[in-house]
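> Based on what follows, work out the 3D shape:
(one chain, ligands or ions: 2)
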Amino acid sequence: MKKILIIGLGLIGGSIALGIKRNHPEHQIIGHDKKEVQKLAKSLGIIDETIPRLEQIQEIDVIILAAPINVTLEILGQLSQLELKKDVIITDTGSTKSQVMEKAIKVFHDKNVKFIGGHPMAGSHKSGILASDVNLFENAYYVLTEENSELQGILSGLHAKFIILNPEEHDKITGQVSHFPHILASSLVQQSDDYSKEHPLVKNLAAGGFRDMTRIAEADSTMWTAVLLSNPEPILNRIKDFKAQLDEISEKISLKDEKAIKSFFDTGKKIRQGMEIHKGAIPNFYDLFISVPDEKGVILRVLALLQDISITNIKINEENREDIHGQLQISFKTEKDLVRAREIIEFATDFKVA
Ligand SMILES: NC(=O)c1ccc[n+]([C@@H]2O[C@H](COP(=O)([O-])OP(=O)(O)OC[C@H]3O[C@@H](n4cnc5c(N)ncnc54)[C@H](O)[C@@H]3O)[C@@H](O)[C@H]2O)c1
Ligand SMILES: O=C(O)C(=O)C[C@]1(C(=O)O)C=C[C@@H](O)C=C1
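Ligands and ions are numbered 1, 2, ... in the order given. Prediction:
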């Protein structure tokens with residue numbers, strides 16, 4: 001049995017607690033957050049115990065920091081002043097890594113602490129303990145700054161795929177594919193709001209495309225302010241680069257360059273189709289994507305058709321799918337099952353299958 005302390009019991013801390021318990025019910029999970037959050041987490045069975053203050057933690061084997069990055073930086077300083085168990089493992093979950101690693105190296109360099117930077121590459125625009133989900137990290141990449149079999153074993157119930165990256169490279173990559181998209185989403189929503197003052201129907205005519213581009217504009221502002229302030233250079237660089245991309249497509253439109261405009265969209269489409277997000281990022285699974293209409297009972301109908309085939313996972317790939325065709329993602333153990341499932345769905349329905 002290990003004693004694991006999670007500091008910050010929000011979406012990420014809560015989901016990690018649930019994931020650890022899935023494979024290691026023997027471990028004791030102790031949570032630290034605001035009093036009311038701790039109480040809620042315990043009453044929901046997400047943690048076993050609480051500690052009101054960060055002191056007397058000499059018996060803790062593993063500490064997981066899951067608070068906003070600015071808070072994580074402060075807590076690293078606090079922890080370095082406390083008496084900790086010899087060889088305690090400390091890890092964080094912050095969306096940036098360079099600043100956190102620099103601080104950890106600085107404060108723990110003369111201590112018996114193993115600090116490993118971490119960042120699970122899955123999340124949501126929702127925050128707080130009530131949003132936690134045992135399956136949040138299923139098949140997602142989980143970045144660590146170095147291999148550590150003990151930590152990876154403890155986190156095995158998250159069903160994530162560990163990948164080792166240095167902090168600088170991590171921050172450049174996430175600056176492009178995570179931090180910058182959040183800026184874009186929020187900008188797009190604000191630009192549309194400004195425009196709606198002149199053109200009020202903007203808000204009514206925004207449909208699926210706008211929604212797909214802007215879901216993350218609803219993410220938590222405290223967390224994202226900390227992320228941007230913790231990774232300024234790579235993000236500013238991505239903004240500059242993107243302005244140039246916009247200028248390029250503006251030029252093509254001004255010139256009415258039909259061929260160049262078509263090529264712009266063909267290129268984007270091809271690149272996206274080649275990315276893991278498009279394929280469900282699940283190399284060991286066989287996924288079928290079924291485009292289902294928004295009708296009552298449609299999912300049960302599909303499942304009934306596939307009742308004789310072993311299904312390993314089902315996911316609806318739209319958060320708000322009331323008014324669009326939803327993408328039902330069904331995973332199978334073998335390619336044979338996938339092929340059979342496809343044949344059945346194509347024979348029995350007119351749903352588009354990919
Ligand atoms: N949300 C995502 O999609 C996502 C994904 C991967 C990583 N992360 C990172 O994980 C961390 C947590 O994000 P989240 O989405 O769970 O946020 P969250 O807002 O859901 O949870 C953060 C929790 O930290 C608590 N907290 C704040 N100050 C604290 C303090 N001084 N002591 C103890 N607890 C404190 C808050 O009360 C809250 O419960 C962040 O560093 C974020 O960058 C977020
Ligand atoms: O799915 C979302 O809503 C997310 O924003 C998750 C997301 C991202 O994909 O950018 C956000 C922050 C992280 O640090 C990791 C993942």
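
> which residues of the stretch 201-350 of the chain fall in strands?
Counting by DSSP state E, counting those that start in this stretch, the segments of the stretch 201-350 of the chain that form strands are 286-292, 311-316, 326-332.

> The residue lying closest to Ala260 once chain neighbours are set aside and ligand 2, how far apart?
Excluding its sequence neighbours, the residue lying closest to Ala260 (C-beta to C-beta, 6 or more residues apart in numbering) is Lys252, at 4.4 Å. Using the backbone N, CA and C atoms, a C-beta is placed for each residue, glycine as well. Distance from Lys252 to ligand 2, counting by C-beta to the nearest ligand atom, to the nearest Å: 29 Å.

> What of Glu150?
For Glu150, the distance to ligand 2 (C-beta to the nearest ligand atom) stands at 24 Å.

> Kindly report the same for Asp308.
According to C-beta to the nearest ligand atom, Asp308 and ligand 2 sit 34 Å apart.

> Please report phi then psi for that residue.
In this entry, Asp308 is assigned phi and psi values of phi -90, psi 0 (degrees, to the nearest 10).

> residue contacts, it?
Remark: with contacts taken as C-beta atoms under 8 Å, 6 or more residues apart in numbering, Asp308 is in contact with nothing.

> Give me the pLDDT for the residue nearest to Ala260.
The predicted local confidence for Lys252 comes out at a pLDDT of 98.

> thinking it is in contact with Phe265, fair?
No - look at Lys252 against Phe265 with C-beta atoms under 8 Å: they stay out of range, at 10.8 Å.

> And the residue most central in space within the chain, how far from Val37?
Among the residues of the chain, the one closest to the centroid is Ala122, at 1.7 Å (C-alpha atoms, centre = their mean). The span separating Ala122 from Val37 equals 21 Å under the rule C-beta to C-beta, to the nearest Å.

> Most proximal residue of the stretch 51-200 of the chain with respect to ligand 1?
Nearest to ligand 1 in the stretch 51-200 of the chain, going by C-beta to the nearest ligand atom, is Gly123, at a distance of 1.7 Å.

> quick one, what contacts that residue?
When contacts are counted by C-beta under 8 Å, 6+ apart, Gly123 touches Leu11, Ile12, Leu136.

> Stretch 58-77: which residues count as buried?
Judged by neighbour count (16 or more other C-beta atoms under 10 Å), stretch 58-77 contains these buried residues: 60-73, 75-76.

> Keep only those of the residues you listed that are in helices.
Using DSSP state H, Ile69, Asn70, Val71, Thr72, Leu73, Ile75, Leu76 are the members of the buried residues of stretch 58-77 that sit in helices.

> Dump those to a markdown table, plus distance to Ile129.
Listed next are these as a markdown table, based on distance: C-beta to C-beta, whole Å:
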| residue | distance to Ile129 |
| --- | --- |
| Ile69 | 19 |
| Asn70 | 20 |
| Val71 | 16 |
| Thr72 | 17 |
| Leu73 | 22 |
| Ile75 | 18 |
| Leu76 | 22 |
